[in-house]
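**Q** sequence first, predicted coordinates after that:
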Amino acid sequence: MQLFRSELQFGFEKKCTLIPIKSLDVPNLKFGKPDIHCELSCKQENQGFKLTGNLSCNLLMNCDRCLTEFQNNQDILIKLILTSRNDLLSEENDEIILFPEEMKEIDITHFIRDSIQLSNPIKTVCKISCKGLCSICGINLNMKSCSCTSRTRYTPFDNLDHLISN
C-alpha cells in the first residue's frame with residue numbers, strides 16, 4: 001500500500017482502501033475474500049505523520065477442537081508513526097517507520113502483512129461451545145453424538161488407588 005507525502009501532509013479522515021491479498025504475499029493463511037478492507041486516518045504531528053485505523057479481513061481457519069473449516073472475521077487496529085527522526089526509532093517499537101524528508105512515497109505493505117500475521121490467535125476455535133472430536137471413534141461431536149462407552153481416563157495415579165482404600 002503506497003502512501004504519498006503530499007497526501008499525508010494534508011491529512012485525511014477515514015480513507016477507505018481495498019488491498020488485494022495477492023499484493024501482501026501472506027504465507028500460511030487462507031482468506032475468505034480477495035481483498036482486505038483498510039480504513040486509515042492521518043494527522044501530522046511534531047514527530048511525523050500519525051496513522052490510525054483498522055484492517056478488516058475474513059480468514060478461513062481450521063478449528064483446533066473439531067478440525068472443521070470456519071470463517072474468522074478479524075478487525076485489526078493500526079497505529080503507525082512515519083517519521084524522519086532517527087532518534088525515535090527503536091527495536092522494541094515496530095510501530096515507527098523511518099520516512100526521510102526526501103522520500104515522496106512510502107510502502108507500508110510489510111507493516112500490514114505483519115499486523116495480519118500477529119493478530120492470529122494461538123488457539124482457534126469455531127465457537128466457544130465446540131465439543132471437538134470423540135477421542136475414541138473420531139466423530140465430530142458437534143454434528144452427532146457417538147455411542148462410545150469407555151470414556152474413562154487413565155491417570156498415572158490410578159495405581160495408587162489401592163493405598164487409599166486400605
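**A** The structure has been received and is ready for your questions.

**Q** CA only for contacts and neighbour counts going forward, please
**A** Fine.

**Q** just give the nearest non-adjacent residue to residue 107, would you?
**A** residue 2 (4.5 Å; CA to CA, 6 or more residues apart in numbering).

**Q** which regions of the protein sit below the pLDDT cut-off?
**A** 87-94, 150-154, 165-166 (pLDDT under 70).

**Q** center of it - which residue?
**A** Computing the C-alpha centroid of the chain and ranking residues by CA atoms, centre = their mean puts residue 119 first, at 2.3 Å.

**Q** leaving out the residues flanking it, which one is nearest to that residue?
**A** Nearest to residue 119 is residue 76, by CA to CA, 6+ apart, at 6.9 Å.

**Q** assumed that neighbour was part of a strand.
**A** Yes - assessed with DSSP: H, G, I helix; E, B strand; the rest coil, residue 76 lies in a strand.

**Q** name whatever forms a beta bridge with it.
**A** residue 55 (DSSP bridges).

**Q** distance check, it against residue 65.
**A** 25 Å (CA to CA, to the nearest Å).

**Q** got it, and residue 57?
**A** Residue 57 is 23 Å from residue 65, by CA to CA.

**Q** which one of the two is surrounded by more residues?
**A** Counted by other CA atoms under 10 Å, residue 57 and residue 65 do not tie: residue 57 has more neighbours, with 23 against 18.

**Q** so that one, which state does it fall into?
**A** strand.

**Q** next, the spatially closest residue to residue 30 that is not a sequence neighbour: phi, psi?
**A** Take residue 30 and drop its neighbours on the chain: the residue closest to it by CA to CA, 6+ apart is residue 60, 5.3 Å away. Backbone torsions of residue 60, given as degrees, to the nearest 10, read phi -100, psi 120.

**Q** who are the contact partners of residue 60?
**A** 29, 30, 31, 32, 69, 70, 71, 72 (CA atoms under 8 Å, 6 or more residues apart in numbering).

**Q** filter those down to the buried ones.
**A** For those, a burial check counting by 16 or more other CA atoms under 10 Å picks out 31, 70, 71, 72.
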